[in-house]
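In: Dropping the sequence and predicted coords here.
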Amino acid sequence: MPSLRVTQADVARHAGVSRSAASFVLSGREGVRIPVETRQRIMGAAQELGYRPNRTAQSLRTRKTQTIALIFDDIGATHYAGEMIQGALEAALERDHLLYIAETGSDPVTEEKLVQEMTDRQVDGVILAAMSTRTVRVSEQMRRNPTVLLNCLDEFGEFACVVPDEETAGRHAARLLLDAGHREGVHVVGGHHTTGGTPEGVFAAQKRMSGIEAAMEAAGTRLAGIIECDWSAPEHGYRATRSLLESAFVPTAVICCNDRLAIGACQALRESELRIPEDISLVSFGDPGLASWLRPPVTSVDLPHHELGRTAVSLLLSDDATPAIHRIPMTLSRRGSITAARDA
C-alpha cells in the first residue's frame, strides 16, 4: 500500500526546485545560499501539500527524538497525576515534544526496566515523579540521561528538583488566621503525619508545620495544640477533631493539614452543633477545588500540581537544568470559612 505521507521530493516537484534545495530549506540547514524567492516557493508548497517533517530521519541527524519520559511511582491513576500530566503535556507540546508516560508501582526493578526501555527509545530526557514529596535514590541508569525530579528530592543534590513550596504555604495558612485576630486557641489537625509507618513524619507535613509555627512565633504567639494523625482519610480528621472538641481546650480556629482531614473535621463540628466560621474558623491545604465543595466552602492553600508538571518539562528542555530545588508557590483560595476572632 503506497504511503500517503507527503515527502520532501513531493514538495520539490510542486515547487519546481531540486530535491536538495527543498531538503536544505525544510530541514532548516544554515550556511546554504538559496534565493529568498526560492525559499518562499518551497515553504508555500510545503504548506499547500501539508508537509510534515519525518521525525525519525531528523533524530538520526540531530540525535534528538523530541520525546520525554515521564515516570511516576504509584500516582498515575490519581487526580493529582492528572493535573501534573496536563501541565507537563502543555509545556512539552509548546516545545514540540511528546511524552511517554509510565508508572513503576514503586517497584525499583520495574523502574529500572522502564528507564531502560525509554533509553532504548532514545528519549531526550527523563522526569521521575513521586506521589508524596520524598527523597529518592536515583539509579545509575537514570544518571546517564538528562533528568529532572518532580515532587521528589535526590540524596546528594545532583539534580534539578521541582517541589511545592510547603513551608511558605504553612506561613500563609497561619497568617490568614492571625490576620483575623486568632492569636489564641489555634489548633492543627494532622500535624507532622506521625504514624506507625511514618514515626518521624513526612516531608510535606514537616515543612507545613515549620511554616505554621514560624508565622505564629513571628506574631509573638504559639499554637494552642497539635493533634497528630494519619492524613490519608476523612475518618482520621473526624476522630482527631472529636478528641479535640472533647478536651478542655476547645479551639477558636483549626488548621487541617489536608482537605481529607478537613472533610472529617467538618463532620465532627457539625455533629457538635458548631458552626463554621461563626464558632470555629477553618483553613486547609490540598487539592484545587475540593475544599470548595464543603459546606461552607473552606479556605485552602492548594497544591500547584499543574504548574509542577509544566516547570519540570520546562527545566528538562532548558539550558538551565542545573542541580537546584525549585519551589513552586502554592495557591491561596479564599472562601467563607474564616471570620474575626471573638475577642479581636
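Out: Yep, it's here.
In: Show me the contact partners of the host helix or strand of Gly170.
Out: Per DSSP states H and E, Gly170 falls inside helix 166-179. For helix 166-179, the external contacting residues (CB atoms under 8 Å, 6 or more residues apart in numbering) are 133, 186, 203-204, 207-216, 219, 221, 253, 255, 281, 283, 285, 299, 301, 327, 329-330, 332, 334, 338. C-betas here are computed from N, CA, C, even on glycine.
In: Among the residues you listed, name the buried ones.
Out: 133, 186, 203-204, 207-209, 211-213, 215-216, 253, 255, 281, 283, 285, 299, 301, 327, 330, 338 (16 or more other CB atoms under 10 Å).
In: Just the CA trace of stretch 253-273, in CSV.
Out: Provided in CSV are the C-alpha atoms of stretch 253-273 (Å, rounded to 0.1, in the frame of the first residue of the first chain):
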residue,chain,number,x,y,z
ALA,A,253,-9.6,28.1,64.9
VAL,A,254,-8.4,24.9,63.2
ILE,A,255,-5.8,24.3,60.5
CYS,A,256,-6.4,21.0,58.8
CYS,A,257,-3.2,19.6,57.1
ASN,A,258,-5.1,18.5,54.0
ASP,A,259,-8.6,18.5,52.6
ARG,A,260,-9.4,14.9,53.5
LEU,A,261,-8.9,15.8,57.2
ALA,A,262,-11.0,18.9,56.7
ILE,A,263,-13.9,16.8,55.4
GLY,A,264,-13.8,14.8,58.7
ALA,A,265,-13.3,17.9,60.8
CYS,A,266,-16.4,19.5,59.2
GLN,A,267,-18.5,16.4,60.1
ALA,A,268,-17.3,16.4,63.7
LEU,A,269,-18.0,20.1,64.1
ARG,A,270,-21.5,19.7,62.6
GLU,A,271,-22.3,16.8,65.0
SER,A,272,-21.2,19.1,67.9
GLU,A,273,-23.5,21.8,66.5
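In: quick check: mean pLDDT across that stretch?
Out: Mean pLDDT, computed over stretch 253-273, is 94.
In: residues of that stretch that come out buried?
Out: 253-269.
In: quick one: which of these sit in strands?
Out: In strands, defined here by DSSP state E, the members of those are Ala253, Val254, Ile255, Cys256.
In: Please name the bridge partners of the first one.
Out: What it means is Ala253. Beta-bridge partners of Ala253, counted by DSSP bridges, are Val186, Ser281.
In: so is Ser132 in a helix, a strand, or just coil?
Out: Assigned with DSSP: H, G, I helix; E, B strand; the rest coil, Ser132 falls in the strand class.
In: Make residue 1 into 650 and carry on from there
Out: With the count now opening at 650, the last piece we talked about shows up as Ser781.
In: Could you identify the helix or strand that succeeds the helix or strand of the chain with the lowest mean pLDDT?
Out: When the helices and strands of the chain are scored by mean pLDDT, DSSP states H and E, helix 704-711 comes last with a mean of 50. Using DSSP H and E, the helix or strand that follows helix 704-711 towards the C-terminus is strand 716-721.
In: Let me see the mean pLDDT of that following strand.
Out: Here strand 716-721 scores 90 as its mean pLDDT.
In: what packs against that strand?
Out: Judged by 3 or more CB pairs under 8 Å, 6 or more residues apart in numbering; DSSP states H and E, strand 716-721 is in contact with helix 728-743, strand 747-752, helix 757-769, strand 775-785.
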